[in-house]
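Enquirer: sharing a sequence plus its predicted fold:
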Amino acid sequence: MGNREKLSSRLGFILISAGCAIGLGNVWRFPHITGQYGGAAFVLVYLFFLVVLGLPVMTMEFAVGRASQASAATSFKVLEPKGTKWHIFGYFAMIANYLLMMFYTVIAGWMLLYTVKMIKGEFTGLDAAGIGEIFGNMVSEPVTLTVWMVVAVLIGFAICALGLQNGVEKITKVMMSSLFVILLILVVRSVTLPGAAEGLRFYLMPDFGKMMEHGFFDVVSAAMGQAFFTLSIGIGSMAIFGSYIGKERSLMGESVNILCLDTLVALMSGLIIFPACFSFGVNADSGPNLVFITLPNIFNAMAGGRIWGILFFIFMSFAALSTVVAVFENIISFAMDLWGFSRKKAVAMNIILIIVLAMPCVLGFNVLSGFMPLGAGSNIMDLEDFIVSNNLLPIGSLVYLFFCVTRYGWGWDNFLKEVNTGKGLKFPKWLRVYVTYILPLIVLFVFVQGYISKFAG
């Protein structure tokens, strides 16, 4: 596979991988969970698990990608010992990437539509009920949702069609750089609002008492879950970028950089959301409500709110699209690796495929809203998200773990050699016992806990 494309710069690799990790979870899940579990005290527990849980699995994914010079579709086939069946997981990884895009493209479409609505001033002068109604109307119109989902899909694939360096790398660099600049501007605006200090105190002063009210166990499992989901590790969506980089840098150091960027965005989102919510006396909600109802209300009440709203939804669109582009690049590489398709042919085939596959999610909010797969009030998107986040990510992470540490797979020595090739931070040898025996148990715990909180809560 000597003709594999390469990324032109180390910065490109770090920003694309961070773009893949930085998505909606950073903004609509992180602040809410932090608020729920007592602010800063929870953040400390979360950061701990990000390092002990997220970091090793991410380096393993990159190592498998770089050593095999292939996407998840064929990387296990390249590295597995003869006669073993690890390559079967390649199909699960592919399914997971497609499944993720079946609902993620729909939400990316919402972000784009809301950016347009903000620019047109559709929220100006509306009360809370009016803003809630705009969201309700949007999801109840299958045609509108379909159009904007298609727009998101076409933007994503257009960027991938331009090639790895000219499209994916160049445009992701611009998107991610703009994302950080906009984030900074919004943070400054939010922390200078009247009454913002209360929100900052809640968010930045650890209150271990409040955290313990929830019970240590609940806090730990929430922190683990968030640390795990924010990086979308375990389905090879990161491994692909490992296959696009040279051997100049060790993979541990690069993973730390990506982790830091991902965390920075999550922490800064909190700096936008808490001061603003406290300033206007609103509860920091989670999920679509936070982004599409709570925050537009706040922008409405703010001086020059329309400009802040436009900036916020451009930021959200970039966060969503950077993930879409990264996973699309993965999906395209499956067809290129498995069947030798050209990039253009892989793009053309997948545009149609993704649009068709995203339709159940679109219709789940309206035509098929009577179908509640996970109990009352749930929809098709919740089911798709549950299959990916609570099943394929943890199971996939276990596969990567065992593949890298056991002699039945690629093996510890091979992994260590690959991960530590190049300048930079090394993966310590003494971690072997931890990643072989303890880390799998932690991942298993996250997996089981996901089911308990979903069906027993």
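Expert: Looks like it came in fine.

Enquirer: quick one: low-confidence ranges for the chain?
Expert: 1-3, 457 (pLDDT under 70).

Enquirer: scan it for its longest helix.
Expert: helix 305-339 (DSSP state H).

Enquirer: next helix or strand past that helix?
Expert: Per DSSP states H and E, helix 305-339 leads on to helix 343-364 as the next helix or strand towards the C-terminus.

Enquirer: report the buried residues of that following helix.
Expert: Neighbour counts over helix 343-364 (16 or more other Cβ atoms under 10 Å) mark 343, 346-347, 350-351, 354-355, 357-364 as buried. (Each C-beta comes from the backbone N, C-alpha and C, glycine too.)

Enquirer: tell me which of these is nearest to residue 337?
Expert: Comparing the buried residues of helix 343-364 against residue 337 with Cβ to Cβ places residue 346 closest, at 9.7 Å.

Enquirer: contact partners for the closest one?
Expert: 332, 333, 334, 335, 336 (Cβ atoms under 8 Å, 6 or more residues apart in numbering).

Enquirer: a markdown table for these, including distance to residue 378 and neighbour count?
Expert: Converted to a markdown table, those look like this (distance: Cβ to Cβ, whole Å; neighbours: other Cβ atoms under 10 Å):
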| residue | distance to residue 378 | neighbour count |
| --- | --- | --- |
| 332 | 31 | 25 |
| 333 | 33 | 28 |
| 334 | 30 | 25 |
| 335 | 33 | 21 |
| 336 | 36 | 19 |
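
Enquirer: can I get these in JSON lines including distance to residue 412?
Expert: Formatted as JSON lines, the contacts of residue 346 follow (distance: Cβ to Cβ, whole Å):
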{"residue": "332", "distance to residue 412": "32"}
{"residue": "333", "distance to residue 412": "27"}
{"residue": "334", "distance to residue 412": "28"}
{"residue": "335", "distance to residue 412": "32"}
{"residue": "336", "distance to residue 412": "30"}
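
Enquirer: gap between the longest helix of the chain and the chain center?
Expert: Offset of helix 305-339 from its chain centre (Cα atoms, centre = their mean, to the nearest Å): 10 Å.

Enquirer: mind giving me the packing neighbours of that helix?
Expert: helix 10-21, helix 24, helix 88-120, helix 142-161, helix 170-191, helix 239-242, helix 295-301, helix 343-364 (3 or more Cβ pairs under 8 Å, 6 or more residues apart in numbering; DSSP states H and E).

Enquirer: out of those helices, deepest packed?
Expert: Greatest average neighbour count among those goes to helix 239-242 (a mean of 29), per mean count of other Cβ atoms under 10 Å.

Enquirer: give me the contacts around that helix.
Expert: Residues contacting helix 239-242 (Cβ under 8 Å, 6+ apart): 7, 13, 16-17, 20, 61-66, 71-72, 75, 251, 326, 329-330, 333.

Enquirer: list only buried entries from those residues.
Expert: 7, 13, 16-17, 20, 61-66, 71-72, 75, 251, 326, 329-330, 333.

Enquirer: and of the helices and strands packed on helix 305-339, who's closest to residue 313?
Expert: Nearest to residue 313, of these and by Cβ to Cβ, is helix 88-120 at 4.0 Å.

Enquirer: packing partners for the closest one?
Expert: helix 75-79, helix 128-140, helix 142-161, helix 295-301, helix 305-339, helix 343-364, helix 380-386, helix 393-405.

Enquirer: now the second one: buried residues?
Expert: Counting neighbours by 16+ other Cβ under 10 Å, one finds that the buried residues in helix 128-140 are 131, 132, 134, 135, 138, 139.

Enquirer: ok, the residue lying closest to residue 238 once chain neighbours are set aside to residue 17 distance?
Expert: Distances taken as Cβ to Cβ, 6 or more residues apart in numbering place residue 61 nearest to residue 238, at 4.8 Å, with adjacent residues excluded. Per Cβ to Cβ, to the nearest Å, residue 61 is found 10 Å from residue 17.

Enquirer: do residue 137 as well
Expert: 37 Å.

Enquirer: next one: residue 223
Expert: 22 Å.

Enquirer: dump the residue contacts of the residue nearest to residue 135 when sequence neighbours are not counted.
Expert: Counting by Cβ to Cβ, 6+ apart, residue 292 is the residue found nearest to residue 135 once chain neighbours are left out, at 4.5 Å. Listed by Cβ under 8 Å, 6+ apart, the contact set of residue 292 reads 110, 114, 135.

Enquirer: from what I see, the second one and residue 313 are in contact.
Expert: Yes - at 4.8 Å, residue 114 counts as touching residue 313 under the criterion of Cβ atoms under 8 Å.

Enquirer: before we move on, back to that, overlap in contacts of residue 61 and residue 17?
Expert: residue 238.

Enquirer: in stretch 51-58, what's buried?
Expert: Those would be 52, 53, 54, 55, 56, 57, 58, for stretch 51-58 by 16+ other Cβ under 10 Å.

Enquirer: and what of stretch 369-389?
Expert: Across stretch 369-389, burial judged by 16+ other Cβ under 10 Å covers 378, 379, 380, 381, 382, 383, 384, 385, 386, 387, 388, 389.

Enquirer: kindly report the same for stretch 259-270.
Expert: For stretch 259-270, by 16+ other Cβ under 10 Å, it's 259, 261, 262, 263, 265, 266, 267, 268, 269, 270.

Enquirer: what about these, which are in helices?
Expert: Among the buried residues of stretch 259-270, the members falling in helices (DSSP H) are 259, 261, 262, 263, 265, 266, 267, 268, 269, 270.

Enquirer: distance of the first one relative to residue 59?
Expert: Counting by Cβ to Cβ, the separation of residue 259 from residue 59 is 10 Å.

Enquirer: now the fourth one
Expert: With the distance defined as Cβ to Cβ, residue 263 ends up 16 Å from residue 59.

Enquirer: got it, and the fifth one?
Expert: Distance check for residue 265 against residue 59: by Cβ to Cβ, it reads 20 Å.

Enquirer: do the same with residue 269
Expert: For residue 269, the distance to residue 59 - Cβ to Cβ - is 25 Å.

Enquirer: which residues are in contact with the residue lying closest to residue 126 once chain neighbours are set aside?
Expert: Leaving aside its sequence neighbours, residue 126 sits nearest to residue 300 (Cβ to Cβ, 6+ apart; 6.6 Å). By Cβ under 8 Å, 6+ apart, residue 300 lies in contact with 123, 124, 125, 126, 131, 309.
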